[in-house]
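Trainee: kindly return the folded structure for what I paste below:
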Amino acid sequence: MRLTREHFRFLSGAVQGLDLHALWDRYLYALGAADLRRIRSVTALLHDELGALARRAGRPEIAALLRRRSEPAVAAAPALTLDEFSATLPTDMHSEAELLTLWRDAQAENAIGPRAGQRRQRLIKRQLDALRWLETLAVASPHLNDPVSAWLDHQVARRLGTVGIESLGDLLRWIEIHGHHWYRRVPRVGAQGAARTVSWLVGHADSLGALPKHALVPRPQIDEGSLAPAPTVGVVPLERLRLPPALSGAQGTNRAEVHRRRTLATDDLEAVQAWLGQHPPTSHTWRAYRREAERFLLWAVFERGKALSSLDATDCTAFHGFLAAPGADWVSPRHVPRGSDRWRPLEAGLSAGSIVTAIAIVRSLCGWLVRQRYLDADPWQESSVIDRDIAPTVSSRSLHDSDWALLQQWLASRPPSLSADRLRALIAFACHTGLRESELAAARTSWLSVAPHADGRLTWTVQIGAKDDRASPRTVDLPDAMAAQLLKYLRATGDQEHELPRAVDRPVFAHRSDPGRALTPGRIYTLIKSALRRCADASESSDPTSAARLRRASTHWLRHTHAMHLAATGTSLGELQRRLGHRSPGSSAAYLCASVAEDRSKPPN
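Mentor: As a prediction, the model looks like this:
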């Protein structure tokens, strides 16, 4: 057992005869609720520990002294006069001489009380002196590396251990991360036990460190403004960041000329915040963009020692290495609150896929800053980092222009029929919209909209609703040729009298015998996969390379093809994410990286 000052305060009160339950609740509450059995057990254990300590120090008499129990003081009875004493006895029982003798004996017995009280006070003083001497030998302060079981009730320690809390430092971090209701994540630890634990930690803040305010009070009761720390120069979240003047980017070497700028940002932090301001705050996209921009800016200033607006291609290559293997000073445990001093921008080195996402987002940031004429040139443009990290499944699982041309020729050669019209419309619609199989099956004519222009042209769009957690609602433009092909197919299915297909809401791709019955995702996959395989068979002799790709292709390859086309035409990461309906920008990032790598692999003109 680790002996603390609280143990000695408890024993000091006990030897003075104070209420043991009150002493326990004041000093030893961290060991559990006060009940007589626990109090007696802990008291006996403390005497054993102190006795052993005294014997090791060569003072065995101290051990015996602490075991002695002083009798409670007996209050002396008030002195009685002879007449008062006589009234307490039966009448006419004693002679006057006998009565006087009895009265004197009673007076003598009454004098024993004060002498006993004096003896008791002397014993208490000796025991208190002994406790003070032992305290100088035994008292230790708790430290962060100490096991929880050395200081808290063994049952509580065992329950904390089930969630990985082994040391007091682990416990402090757990409370800091999970806040006031931290105990709800620990099996069989209730509010009262948690309150006792927190009170004990607060009482030892000198050696363990103070708990943050949100760990002591429920967050709704806290003024959020009081939690916001002052801006700081250092590795802190963006909302707390203050850049060193020399590295703020106000005089960055890659800054565009003042008269060309389209943004009011005066330094790199303001520029990053302006870029983030394009997205709804707290959205998934905004949080992902903030995370990567934050890492990039902090790394540039506090690791690379350069302003973001002074970085070059060499720095971009170094950033890739940093993401893969950050130093210990840049890493913190998972779920550390952003307001904590323990917060760091990374939890560990990133995986290859996460690095692709991070770099794509940072490239999007730098590209936007170039378009806003804040930066003069994109430092990523000449970096070779992306070539090593593209997601191979994206670039290798999309159709090349030659593949698409062969597929179009094969589809055009099909004999006229409703099935052929449906297949041509289905493949074209899938490739020009990038819809998933489930979305193709769910597509309805009510999703189609048309808007006339002043010159008489019509613009067709598809409004796609969110069908599951993976997809976001979005609107996709339809090329004129695609819209015409789709209308031709829809009218062939019996919608002849309507100029706008949405006049009658029904599935876009339906069974031939029942226009109101939509094709299932599985049936759509089978139709497209079969068409790709038959096209490959027909093209084997003329173009075996394209035939091999077509034979491996599937419905999702058409979605990849659509995304790669968007990336190749300069679509930004945000717009690409919107068009594809990705919840996370990381899913869209691979297409931009693959597009950059393909561009670099092409020979110069």
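Trainee: middle-most residue in the chain, spatially?
Mentor: The C-alpha lying nearest the average C-alpha coordinate of the chain belongs to residue 335 (C-alpha atoms, centre = their mean; 3.8 Å).
Trainee: so how far is residue 256 from it?
Mentor: As judged by C-beta to C-beta, to the nearest Å, residue 335 and residue 256 stand 40 Å apart. For the C-beta atoms, the positions are set from N, CA and C on the backbone; glycine is no exception.
Trainee: what helix or strand is residue 459 located in?
Mentor: Using DSSP states H and E, residue 459 falls within strand 458-464.
Trainee: still on that earlier bit, per-residue pLDDT, the residue nearest to the centre of the chain?
Mentor: What the model reports for residue 335 is a pLDDT of 79.
Trainee: next: residue 94.
Mentor: What the model reports as pLDDT for residue 94 is 59.
Trainee: with residue 156 instead?
Mentor: Looking at residue 156, its pLDDT reads 89.
Trainee: just give me the neighbour total for it.
Mentor: Number of residues near residue 156 (other C-beta atoms under 10 Å) recorded here: 24.
Trainee: what about it, which helix or strand?
Mentor: Per DSSP H and E: helix 154-161 holds residue 156.
Trainee: what's that helix in contact with?
Mentor: Residues outside helix 154-161 that contact it (C-beta atoms under 8 Å, 6 or more residues apart in numbering): 32, 147-149, 152, 166, 170-171, 186-189, 193, 197.
Trainee: buried subset of those, written for ChimeraX?
Mentor: Those of the contacts of helix 154-161 that count as buried under 16 or more other C-beta atoms under 10 Å are selected in ChimeraX with:
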select :32,148,149,152,170,171,186,189,193,197
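Trainee: ok, of the contacts of helix 154-161, which one's closest to residue 273?
Mentor: residue 170 (35.8 Å; C-beta to C-beta).
Trainee: how close does that closest one sit to residue 158?
Mentor: Residue 170 is 14 Å from residue 158, by C-beta to C-beta.
Trainee: can you show me the strands along this structure?
Mentor: With strands called from DSSP state E, the chain shows them at 448-452, 458-464, 474-478, 510-511, 514-518.
Trainee: nearest to residue 285, out of those?
Mentor: Across these, closest to residue 285 is strand 474-478 (C-beta to C-beta), at 12.7 Å.
Trainee: show me which positions of that closest one end up buried.
Mentor: So, applying 16+ other C-beta under 10 Å, buried residues of strand 474-478: 474, 476, 478.
Trainee: again with stretch 398-411
Mentor: 398, 399, 403, 404, 406, 407, 410, 411.
Trainee: how about stretch 529-548?
Mentor: For stretch 529-548, by 16+ other C-beta under 10 Å, it's 531, 532, 533, 535, 536, 539, 543, 546, 547.
Trainee: contacting residues around the last one?
Mentor: Going back to what we said before, that points to residue 547. Counted by C-beta under 8 Å, 6+ apart, residue 547 has contacts 406, 536, 537, 539, 540.
Trainee: can I get the strands of the chain in a markdown table with distance to residue 81 and mean pLDDT?
Mentor: A markdown table is the format used below for those (distance: least, C-beta to C-beta, whole Å; pLDDT from 0 to 100):
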| stretch | distance to residue 81 | mean pLDDT |
| --- | --- | --- |
| strand 448-452 | 115 | 84 |
| strand 458-464 | 109 | 86 |
| strand 474-478 | 107 | 87 |
| strand 510-511 | 119 | 92 |
| strand 514-518 | 114 | 89 |
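Trainee: for residue 217, which of those strands is the nearest?
Mentor: Of all those, strand 474-478 sits nearest to residue 217, with 42.4 Å by C-beta to C-beta.
Trainee: pairing partners for that closest one, with directions?
Mentor: Strand 474-478 has the following sheet partners, assigned by DSSP bridges: strand 458-464 (antiparallel).
Trainee: measure how the partner strand sits relative to strand 448-452, angle-wise.
Mentor: 150 degrees (axes from the mean of the first three to the mean of the last three C-alpha atoms, to 10 degrees).
Trainee: now find how far off-centre strand 458-464 is within its chain.
Mentor: Relative to its chain's centre, strand 458-464 lies at 38 Å (C-alpha atoms, centre = their mean, to the nearest Å).
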